[in-house]
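Chemist: Quick check, what structure comes out for this input:
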Amino acid sequence: MSVAVATSRITGLVRETLMARWFGASQAYDAFALGFRLPNLTRDLFAEGALSSAFVPTFTEYLAHKDKKEAAHLANLVGTAIILIVGLVCVLGFIFAPTLVQLTASGWKGEKFDQVVHMTRIMFPFLLLVALAAQAMGMLNACNRFGVPAMSSTMFNIGSIVFGVFLGRVLGPSLGLSPIDGMAWGVVFGGALQLLWQIPSLYKLGFPFRLAMDWSHPGLRHIIHLMGPAILGGAAVQINVMVNTNFATLVVDPVRGLNGPVSWLGWAFRFMQLPLGLFGVAIASATLPAISRSIASGDRDEFKRTLSRSLGMVFLLTVPSSVGLVVLGRMIIAAVYEGGKFNAYDTQRTALALSCYAIGLAGYAASKVLNPAYYALKDSRTPMWISIISIAVNYAAARYTVNHTELGHAGLALSTSAVALFSFVCQFWILRNRIHGIRGRALAVSFAKVCCASALMGIVIAGLRAGLEFYLGTSRWPSIAGLVVCLPAGLIAFWMTCRALRVPELDMAAAAMPGPMRRLLRA
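Modeler: Here you go, the predicted model:
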């Protein structure tokens, strides 16, 4: 599953690199980034949030205690409800796009404002497509099929690139579409491909889709009951994104003015999403069906063991990733993005935002694991209240860093990290007390060992980076050469230190590798 998610993140990076090279931190790309962000705000809410957290445990329970026919009927009811409700939201989003843009980009006026509205209206149907794809993903995961749904995001990236380039640069002149218009339409076609990719697997498992309506069905009512607080909690996350985006449109960069901050934050977060998706989302998606089955069978001890192992694995993989992104961020950005209209100044500003985002990576990924655990326990109110409180934390942090520090746009990334860490601490503390422990002492010891190994790794790669930049410089090709040296050296240092400290999750990570790699790592 992690391999599939890695493929998704890499193809997404290719898409972002093409956009950076073609458009740079320009008005056109700022408009595209914000126009895509508005419908894409629901991706976390549906694909990795309320829908999956409420639907998967209920669907799993139907599979475990009822026959497949009833589970299929429930899935059809949910799919029909998504088409009706989210379809209506898409229509309203198209109509009220100017109001939505005003809420999220109060610092932009005139032509730039109109361009964002245009982008938003093109891409809003993506919301419905990603919601249906999220339901399909949840069904396949509940049936222990992880590879195909994990690859669906790769299909989105490939579709958005192919259709975007074809419509914007090949057919664009004859259709009256600009290159950025073509990329916006590519997002919609990519969303359709993401959904269609999963449908054959559902048919093979015996879950063909048919329209069905029964609002009194107990399973559907239970999912709606769980989703209510979950949507409120997820809406809090989206409000945080909107608040930070609005602050970003007000940031005046000393070189670029109002153009740039939104783009720099978007590119930096794309890099943060690589380890987040590769480790946090992948582990959370695999954990949810397992803990749902544990709760359905009444095995609380297995629930605790699974949750503890998942958190330990998240820390093993994300803490060194955070250190690597902070130390090597400038090299990574230069190696991937620099060129065309993306220059050295864009590299420096994006790397600064990436360093601030990376601070909260472990908290963000761990929350992805903890949040579904509450829904497996049929508690949707606690995550909701934590998310609502996070609105105040985020607003205070964002306002302070923008108005009282010199960080500018990077201060918004720092506020995002603060909220991620705050949410994780609250979720962990409350859940630990509720289920009477998550093997916390062993988890704390493992976390401390991983931090020590990550610190040593950071020292090694920081020394290598400084020497390489002194002799080779900081442009794109020297950065690529530097990464070829620094990344393997850092991984070796981290792995050897973890082996010496006997980090227990290391064997779990090795067990997931192919045979030859597993034998090499255990040698």
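
Chemist: Gln115 and Phe32, how far apart?
Modeler: Using Cβ to Cβ, to the nearest Å, one gets 9 Å for the distance from Gln115 to Phe32. Heads up, the C-betas are built off the backbone N, CA and C, glycines and all.

Chemist: between those two, which one's more packed in?
Modeler: Legend: neighbour count by other Cβ atoms under 10 Å for Gln115 and Phe32, higher for Phe32 (26 against 22).

Chemist: Which residues lie in contact with the more buried one in this structure?
Modeler: If you count contacts by Cβ atoms under 8 Å, 6 or more residues apart in numbering, Phe32 has them with 19, 23, 119, 180, 183-184.

Chemist: Ile180 reaches Ala28, doesn't it?
Modeler: Yes: here Ile180 lies in contact with Ala28, judged by Cβ atoms under 8 Å, at a distance of 4.6 Å.

Chemist: More neighbours: these two, which one.
Modeler: Ile180 (24 against 20).

Chemist: Please identify the helix or strand for the more buried one.
Modeler: Ile180 belongs to helix 179-204 when assigned by DSSP states H and E.

Chemist: In this structure Gly324 contacts Ala489, no?
Modeler: No: counting by Cβ under 8 Å, no contact exists between Gly324 and Ala489, whose distance comes to 11.2 Å.

Chemist: Need the residues touching each of those two.
Modeler: The contact sets of Gly324 and Ala489 overlap at Ile461 (Cβ under 8 Å, 6+ apart).

Chemist: Buried residues, the helix or strand where Gly159 lies. List them.
Modeler: Under the criterion of DSSP H and E, Gly159 resides in helix 147-165. Residues of helix 147-165 classed as buried: 148-161, 163-165 (neighbour count, 16 or more other Cβ atoms under 10 Å).

Chemist: Could you do stretch 446-455 as well?
Modeler: 446-447, 449-450, 453-454.

Chemist: Among those residues, which ones are in strands?
Modeler: Among the buried residues of stretch 446-455, no member falls in strands (criterion: DSSP state E).

Chemist: TSV for the residues you listed, including pLDDT?
Modeler: Below are these laid out as TSV (pLDDT from 0 to 100):
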residue	pLDDT
Ser446	88
Phe447	89
Lys449	92
Val450	92
Ala453	93
Ser454	93
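
Chemist: and which of the residues you listed is nearest Tyr374?
Modeler: For the buried residues of stretch 446-455, the residue nearest Tyr374 by Cβ to Cβ is Phe447; the value is 21.3 Å.

Chemist: in the stretch 351-500 of the chain, which spans are helices?
Modeler: 361-376, 381-404, 409-434, 440-472, 476-501 (DSSP state H, counting those that start in this stretch).

Chemist: So for Thr249, which of the ones you listed sits nearest?
Modeler: Taking Cβ to Cβ, helix 409-434 is the member of these nearest to Thr249, at 10.2 Å.

Chemist: Report the buried residues of the closest one.
Modeler: The neighbour-count check on helix 409-434 (16+ other Cβ under 10 Å) flags 409-424, 426-428, 430-432 as buried.

Chemist: Same question for the lengthiest helix in the chain: list its buried residues.
Modeler: Longest helix in the chain, counting residues (DSSP state H): helix 300-337. Going by neighbour count (16+ other Cβ under 10 Å), the buried part of helix 300-337 is 303-337.

Chemist: What is it packed up against?
Modeler: helix 2-23, helix 261-275, helix 282-296, helix 344-358, helix 361-376, helix 440-472, helix 476-501, helix 505-511 (3 or more Cβ pairs under 8 Å, 6 or more residues apart in numbering; DSSP states H and E).

Chemist: show me the residues around the residue nearest the centre of the chain that make contact.
Modeler: Within the chain, one residue has its C-alpha closest to the average C-alpha position: by Cα atoms, centre = their mean, that is Gln273, at 5.1 Å. Counting by Cβ under 8 Å, 6+ apart, Gln273 makes contact with 9, 12.
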